[in-house]
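Q: sequence-free structure coming up:
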RNA sequence: GGAGAGGUGGCUGAGCGGUUGAAAGCGGCGGUCUUGAAAACCGUUGAGGGGGUGACCCCUCCCAGGGUUCGAAUCCCUGCCUCUCCGCCA
């Protein structure tokens, strides 16, 4: 959520910055609701004050043994009047809050302008896409060898957009997870966490999936309103919900492996072949809680941590800064890391690294105690994939295939594969 | 699943329906003392919000949501969560 004070005091500046992402702030609506809110709140608080005073007087009179009936007569009607205005106030407040919740985050000043994916700006490249001197296969074809990858069975078990992995490919998939976690723990200073794969609605609100993006989620049957997590970002970031972290404990850096579940509503017909876009996939996530002044430095570092995974695996990639029109709802700035996929002859997203500044923190009241002011203040949250496991598996298969259709295992994964070099 | 107990400030923990936003202790911060530190002592210390140029004034919050009352942390109902015992169990 945006800072209500900022919206109140500098609505035109907010509108300008939101326009960068193609969002149209309704200033007329905002000003109207805000004026109502202010008037009603003043009236309500005056009446509450009167009630408190009168109740206190009655208490004192009673303690002194006076007849309180005249005082009781005086307050008659006050309660009903107050209730009416309280109801009216909360109606206006709810309307204002609902509108606030539809407002995306303000883009950072370094975010490139533009309306779509095409306007994203490439920041850097690493590695050279390999030149093949034989006809290449895509990961589906490669996976069909020895029945390593089985979509038909997954469809039987569940439906479309699921996969069964067999034998050494299943092991390679697991090896990737272990490798990534070990790297982030040992070399990048993250703490590993294990978290629930179902979360409540408060958590989904905190990270911004609710109320707006409910159609992207799988909801679990039952009264609790639990949902399967679409990313570890949700449970891990919500660790900080309703807490005040001591300054000495910042930054907090968590890494976490979870499955992710996405309904992929609205992506019909896209990436239908293979395991690029699945309802269930594994991801190793990086999450940081940092002091506000450190967040952009942390954002660069976190992105590097994700890049290191690809470098160690030897996978060519590029980093792009998302433009205003392509950036996520909650994000102030996002870098996507895109890995080279030979079969598609292009770079495809394998990680998305974002700085949310206080947007998520305000929703979930995630705070730290600033030693300079002594006060709890909103911290900055960041996250990034470090990296998506299924897509990394696809990239390894396609980039490291040979003419015989065998897959050469990257050196860093061999210890996790019983020293095998080939798949 | 059955039976009981409980949810109060960063933590522990008091709190007859009426100056209790909340005792006390711990922790934190400031100070005295000390070469420095510890100890001791003194002081201070919840969060969110509204109004006003300002000194300042006011509102809300004792798990959540309802209710009773002139007045609720305190009474009633519902939900959620935690703990103990029994049963079952990966």
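A: Arrived safely. All of these numbers come straight from a predicted model, not from anything done at the bench.

Q: mind checking pLDDT for the one residue in chain A that gets nearest to RNA strand B?
A: Residue of chain A nearest RNA strand B, by Cβ to the nearest atom of the strand: residue A:59 (2.8 Å). In this view, the C-beta of every residue, glycine as well, is placed from N, C-alpha and C. Note on residue A:59: pLDDT of 85.

Q: would it count as being in a strand?
A: No: Residue A:59 is assigned helix when assessed by DSSP: H, G, I helix; E, B strand; the rest coil, not a strand.

Q: How much space separates it from residue A:80?
A: As judged by Cβ to Cβ, to the nearest Å, residue A:59 and residue A:80 stand 21 Å apart.

Q: So if I had to pick from those two, which one is more boxed in?
A: residue A:59 (12 against 9; other Cβ atoms under 10 Å).

Q: Pull up the residues of the stretch 101-250 of chain A that are close to RNA strand B.
A: A:223, A:224, A:244 (Cβ under 7 Å from any atom of the strand).

Q: let's see it at 10 Å
A: Counting by Cβ under 10 Å from any atom of the strand, the residues of the stretch 101-250 of chain A close to RNA strand B are A:200, A:223, A:224, A:242, A:243, A:244, A:246, A:247, A:248.

Q: burial count for the second one?
A: It stands for residue A:223. 5.

Q: That one: what secondary structure?
A: Residue A:223 ends up coil, using three-state DSSP.

Q: is it true that residue A:267 touches residue A:277?
A: Yes: Residue A:267 lies in contact with residue A:277 (Cβ atoms under 8 Å); the separation is 6.3 Å.

Q: So those two - more neighbours on which side?
A: Between residue A:267 and residue A:277, residue A:277 has the larger neighbour count (other Cβ under 10 Å), namely 16 against 13.

Q: Is it correct that that one falls within a strand?
A: No: checked against three-state DSSP, residue A:277 lies outside a strand; its state is coil.

Q: and the residue nearest to it when sequence neighbours are not counted, helix, strand or coil?
A: Closest residue to residue A:277 apart from its sequence neighbours, by Cβ to Cβ, 6 or more residues apart in numbering: residue A:271 at 3.8 Å. Classification of residue A:271 by three-state DSSP places it in coil.

Q: Do you have the helices of the stretch 151-300 of chain A handy? List them.
A: A:151-157, A:167-188, A:201-207, A:233-237, A:295-313 (DSSP state H, counting those that start in this stretch).

Q: Let's have the ones you listed in JSON lines, adding mean pLDDT.
A: JSON lines is the format used below for the helices of the stretch 151-300 of chain A (pLDDT from 0 to 100):
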{"stretch": "helix A:151-157", "mean pLDDT": "93"}
{"stretch": "helix A:167-188", "mean pLDDT": "96"}
{"stretch": "helix A:201-207", "mean pLDDT": "90"}
{"stretch": "helix A:233-237", "mean pLDDT": "94"}
{"stretch": "helix A:295-313", "mean pLDDT": "97"}
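
Q: just these: most buried one?
A: Comparing those by mean neighbour count (mean count of other Cβ atoms under 10 Å), helix A:233-237 ranks first with a mean of 26.

Q: now what about that one, what contacts it?
A: A:193, A:195-197, A:199, A:203-204, A:206-207, A:209, A:229, A:254, A:256, A:258, A:285, A:287, A:360, A:364, A:366, A:381, A:383 (Cβ atoms under 8 Å, 6 or more residues apart in numbering).
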